[in-house]
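> the sequence and its predicted three-dimensional model are supplied below.
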Amino acid sequence: MTMEEFLDKCIAFSVKINKLRKYLRENQHEYNNSDQIQRSGTSIGANYSEACNAESKADFIVVPLRRMPLLPFRRENAPG
């Protein structure tokens with residue numbers, strides 16, 4: 001698949017996502033999920049562009065700046 005074909009598919013997918021969002025909002029009254037679907041579904045082109053313009057593989061590696069501390073286990077919070 002060429003880059004032009006891929007970009008055409010991204011645009012077509014984004015159009016379908018926007019139609020799905022419109023349907024969910026108008027017919028199902030689903031607002032939060034429809035907004036999330038639109039954000040995630042239409043970011044494909046931006047993600048692809050970002051990947052093409054990456055300078056190195058390290059651009060894709062996310063290193064946590066700090067680790068979340070483990071919460072102490074409490075018996076009263078245990079299931080069952």
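Alright, I've got the coordinates. Residues are numbered from 1 along each chain as shown.

> quick one: contacts of the helix or strand hosting residue 16?
Assigned by DSSP states H and E, residue 16 belongs to helix 3-27. Here helix 3-27 makes contact (C-beta atoms under 8 Å, 6 or more residues apart in numbering) with 1, 30-31, 33-35, 37-38, 41-42, 44-45, 48. Yep, even glycine has a C-beta here, placed from its N, CA and C like the rest.

> before we move on, what SS does residue 35 have?
For residue 35, the secondary-structure state derived from DSSP: H, G, I helix; E, B strand; the rest coil is helix.

> low-confidence regions, the chain specifically.
57-80 (pLDDT under 70).

> recalculate using a threshold of 80.
3, 45-46, 48-80 (pLDDT under 80).

> show me the contacts for the residue positioned nearest the centre of it.
Nearest to the geometric centre of the chain sits residue 40, at 3.8 Å (C-alpha atoms, centre = their mean). Not one residue lies near residue 40 by C-beta under 8 Å, 6+ apart.

> quickly find the element holding it.
helix 32-41.

> and residue 49, by the same measure?
helix 44-52.

> and that helix, what other elements does it pack with?
Helix 44-52 sits against helix 3-27, with contacts defined as 3 or more C-beta pairs under 8 Å, 6 or more residues apart in numbering; DSSP states H and E.

> tell me which residues in the helix it packs on are buried?
10, 14, 17, 21, 24 (16 or more other C-beta atoms under 10 Å).

> for those residues, work out which two are farthest apart.
10 and 24 (20.8 Å; C-beta to C-beta).

> circling back: how far away from the center of its chain is the helix holding residue 40?
9 Å (C-alpha atoms, centre = their mean, to the nearest Å).

> swap in stretch 15-32?
17 Å.

> now do stretch 27-46
Distance, stretch centre to chain centre, for stretch 27-46: 9 Å (C-alpha atoms, centre = their mean).

> gap between the two ends of that stretch?
Stretch 27-46 has an end-to-end distance of 29 Å (criterion: C-alpha to C-alpha, to the nearest Å).
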